[in-house]
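A.B. asks: Pasted the sequence and its predicted model underneath.
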Amino acid sequence: MYKIIGLTGGIASGKSTISKMIEQLGFTVLDADIASRKVIEPGEEAYTKVKEAFGEHIFNEDGTLNRAELGNVIFNNEEKRLLLNSIMHPAVRKWMNDRQEEAFKRGEKVVFQDIPLLFEGNMQKSFDHTILVYVEADVQLQRLMERNNFSKEEALARIRSQMPLSEKLALADEVINNNGTEEESKQQLLNILKKLELL
Ligand SMILES: CC(C)(COP(=O)(O)OP(=O)(O)OC[C@H]1O[C@@H](n2cnc3c(N)ncnc32)[C@H](O)[C@@H]1O)[C@@H](O)C(=O)NCCC(=O)NCCS
Ligand SMILES: Nc1ncnc2c1ncn2[C@@H]1O[C@H](COP(=O)(O)OP(=O)(O)OP(=O)(O)O)[C@@H](O)[C@H]1O
């Protein structure tokens, strides 16, 4: 039987950190943030649609997407964020599902999908299990400001565009509390994978 595991969290909660650990154990992890970069390369369908919807100013001179500029627009304007989501998310889902098919055809039995907005998109039914990478709100804010060099306002605008992690706790099948060290989180991950009989 094939298994699909959803890995989720919030911005800067530690999904990529946990994803790397999962990959080191030999599993395939498909990353929705990588997908969202692929589907907006020049020539792709979403590229044309985003250009029509948002205009030339969110693109660099070489034609690539100016991610900081588009981020400034959508994290401060809910209507525009939902418009971008409506263009991007179907393309991201297709990219992820195509890669998942390839993995299963290669003979893999388990695929992880790292999707920040899994619960916002009410996608939990598409997964055999969901794992939430959780951190306290103050840790999330601190790590996001440090990693991206954001002001408090910039970081909060991004955090507030997502469902609070405290609400995601009630929706997840399994939780990794990533407030502590990476080693502590790794131990929790191993326990979950053993419980799910994936190790
Ligand atoms: C706005 C964009 C250009 C900003 O790019 P940037 O390189 O600064 O950020 P990156 O893509 O690495 O995303 C970082 C994090 O921001 C959060 N985030 C991104 N998009 C959204 C969104 N639409 N709503 C809420 N949070 C979001 C996620 O937690 C994500 O992990 C980019 O995030 C984007 O294209 N977003 C729309 C697609 C999307 O929803 N992606 C999220 C996963 S499907
Ligand atoms: N247990 C930990 N202890 C200290 N720092 C951590 C820990 N886990 C992650 N970090 C740091 O916190 C930041 C956010 O982690 P990471 O990039 O893995 O989050 P993410 O959920 O993938 O973020 P995003 O969705 O925004 O890309 C990074 O700078 C990472 O190095």
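C.D. replies: Perfect, thanks for sending it. Ligands and ions are numbered 1, 2, ... in the order given.

A.B. asks: Residues of this protein that sit close to ligand 2?
C.D. replies: The interface of the chain toward ligand 2, taken as CB under 6 Å from any ligand atom, is made up of 9, 11-17, 33, 116, 143, 147, 178, 181-182, 185. For every residue, glycine as well, the C-beta is placed using N, CA and C.

A.B. asks: In helices, which of those appear?
C.D. replies: Among those, the members falling in helices are Lys15, Ser16, Thr17, Asp33, Arg143, Arg147, Glu182, Ser185 (criterion: DSSP state H).

A.B. asks: Name the member of those residues that has the highest neighbour count.
C.D. replies: Taking other CB atoms under 10 Å as the neighbour criterion, Lys15 ranks highest of these with 25 neighbours.

A.B. asks: Tell me, how many residues neighbour the closest residue to it other than its chain neighbours?
C.D. replies: Using CB to CB, 6 or more residues apart in numbering and skipping residues adjacent in sequence, the residue nearest Lys15 is Gly9, 4.6 Å away. Per other CB under 10 Å, the neighbour tally for Gly9 reads 29.

A.B. asks: and ligand 1, which of the ones in helices among the residues of the chain next to ligand 2 contact it?
C.D. replies: Among these, ligand 1 is touched by Asp33 when using CB under 6 Å from any ligand atom.

A.B. asks: is it possible to export the ones in helices among the residues of the chain next to ligand 2 to TSV including pLDDT and distance to Lys109?
C.D. replies: Converted to TSV, these look like this (pLDDT from 0 to 100; distance: CB to CB, whole Å):
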residue	pLDDT	distance to Lys109
Lys15	98	22
Ser16	97	24
Thr17	98	24
Asp33	97	25
Arg143	98	33
Arg147	97	33
Glu182	98	27
Ser185	98	24
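
A.B. asks: Just the pLDDT for the residue lying closest to Asn60 once chain neighbours are set aside.
C.D. replies: With CB to CB, 6+ apart as the measure, Asn66 is the residue that lies nearest to Asn60, at 5.0 Å, once sequence neighbours are left out. According to the prediction, Asn66 has pLDDT 96.

A.B. asks: Please apply the same query to Met1.
C.D. replies: 75.

A.B. asks: The residues of the chain next to ligand 2: which two are farthest apart?
C.D. replies: Using CB to CB, the residues of the chain next to ligand 2 span at most 23.9 Å, a distance reached by Asp33 and Thr181.

A.B. asks: Against Lys152, how distant is the closest residue to Lys195 other than its chain neighbours?
C.D. replies: Counting by CB to CB, 6+ apart, Glu174 is the residue found nearest to Lys195 once chain neighbours are left out, at 7.7 Å. For Glu174, the distance to Lys152 (CB to CB, to the nearest Å) stands at 31 Å.

A.B. asks: In this structure Leu65 contacts Glu44, no?
C.D. replies: No: with contact taken as CB atoms under 8 Å, Leu65 and Glu44 are classed as non-touching, separated by 10.5 Å.

A.B. asks: Tell me which of those two has more neighbours.
C.D. replies: Under the neighbour definition other CB under 10 Å, Leu65 and Glu44 were set side by side, and Leu65 has more, 20 against 14.
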